[in-house]
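A.B. asks: Sequence plus predicted model, see below.
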Amino acid sequence: CCIELSVESALKSAMINTPANALLRTFIGETDSRMSVLYNKGNELTAMQRSQSGDSLYIAGEQEYDRLVEGFQQYILKYVDTVQHPVMALFALGYTSRFDPALLQQPVENLTKRFPGNESVAAVVNQFTQAIQQAKQRDEARKNVPGTGDTAPEISMPDTDGQPFLLSSLRGKYVLVDFW
């Protein structure tokens, strides 16, 4: 009636000895192992926080966690940059969603050089490039928005008598600006 299949049993039963299958099994095994270590270290840090363990122990744990995260990121980036199969490179990129985009710039650009003519690679590189451009535009737009404590932008308008009025003429005074 029904077929139950887990990822583990699928990998074991699909012992197709292709190079891509071997790469996938190795990559998933190594990645899962590294992610488990990160998960366990994260849980240790959470437990330390709750028990209010000594600061030096917590700081040492944070430093080790940061080192593990950096090692994981370097492993994935190196894998993306060196694996000989384009599908595996794209698969590994799926693990980079929380990476700083600046770390991904070079490995993603290298994909088109390493796999010229591959439509999937070209599409992913195009999406990445567009996402980076949109992020830069958002960052640029945010630079022009004043924040708390910043000097308000100049506002010029006629007063009730029709004379020019500048917001800066009220510098140092409390001002309520009501737009209606």
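C.D. replies: Received the coordinates, thanks. Keep in mind that what you see is a predicted model, and the values were worked out from it rather than measured. Numbers count the residues shown, from 1 in each chain.
A.B. asks: all contacts plus neighbour counts: C-alpha atoms, from now on.
C.D. replies: Noted.
A.B. asks: Run the chain-centre distance for the lengthiest helix in the chain.
C.D. replies: Longest helix in the chain, counting residues (DSSP state H): helix 19-51. Relative to its parent chain, helix 19-51 has a centroid offset of 18 Å by Cα atoms, centre = their mean, to the nearest Å.
A.B. asks: which parts of it are buried?
C.D. replies: 24, 27, 31, 34, 38, 41, 44-45, 48 (16 or more other Cα atoms under 10 Å).
A.B. asks: Most distant residue from the centre of this protein?
C.D. replies: Distance from the centre of the chain peaks at Asp161, with 54.1 Å (Cα atoms, centre = their mean).
A.B. asks: In contact with Glu140: list those residues for me.
C.D. replies: Neighbour list for Glu140: empty [criterion: Cα atoms under 8 Å, 6 or more residues apart in numbering].
A.B. asks: what's the following helix or strand after the helix or strand hosting it?
C.D. replies: If you go by DSSP states H and E, Glu140 is part of helix 119-143. Going down the chain from helix 119-143, the next helix or strand is strand 156-158, by DSSP H and E.
A.B. asks: Spatially central residue for the chain, please.
C.D. replies: Nearest to the chain centroid, counting by Cα atoms, centre = their mean: Arg98, 2.9 Å.
A.B. asks: Other residues contacting stretch 74-83?
C.D. replies: With contacts defined as Cα under 8 Å, 6+ apart, stretch 74-83 is touched by 88-90, 92-93, 95-96, 104, 107-108, 110-111.
A.B. asks: quick one: what helix or strand has the residue nearest to the centre of the chain in it?
C.D. replies: Using DSSP H and E, Arg98 sits within no helix or strand.
A.B. asks: Just the buried positions in the helix or strand that comes right after the longest helix of the chain, please.
C.D. replies: Using DSSP H and E, the next helix or strand after helix 19-51 towards the C-terminus is helix 55-82. Buried residues in helix 55-82, defined by neighbour count with 16+ other Cα under 10 Å: 58, 61-62, 65, 68-69, 72-73, 75-77, 79-81.
A.B. asks: rewinding a little: out of the contacts of stretch 74-83, which is most surrounded?
C.D. replies: Neighbours here mean other Cα atoms under 10 Å. Within the contacts of stretch 74-83, the largest count is held by Val108, at 24 neighbours.
A.B. asks: what's that one sitting at in phi/psi?
C.D. replies: Main-chain dihedrals, Val108, degrees, to the nearest 10: phi -70, psi -40.
A.B. asks: isn't it right next to Val125, touching?
C.D. replies: Yes - in this structure Val108 lies within contact range of Val125 using Cα atoms under 8 Å: 6.2 Å.
A.B. asks: picking that back up, name the residues of the helix holding Glu140 that are buried.
C.D. replies: By 16+ other Cα under 10 Å, the buried positions in helix 119-143 come out as 121-122, 124-125, 128.
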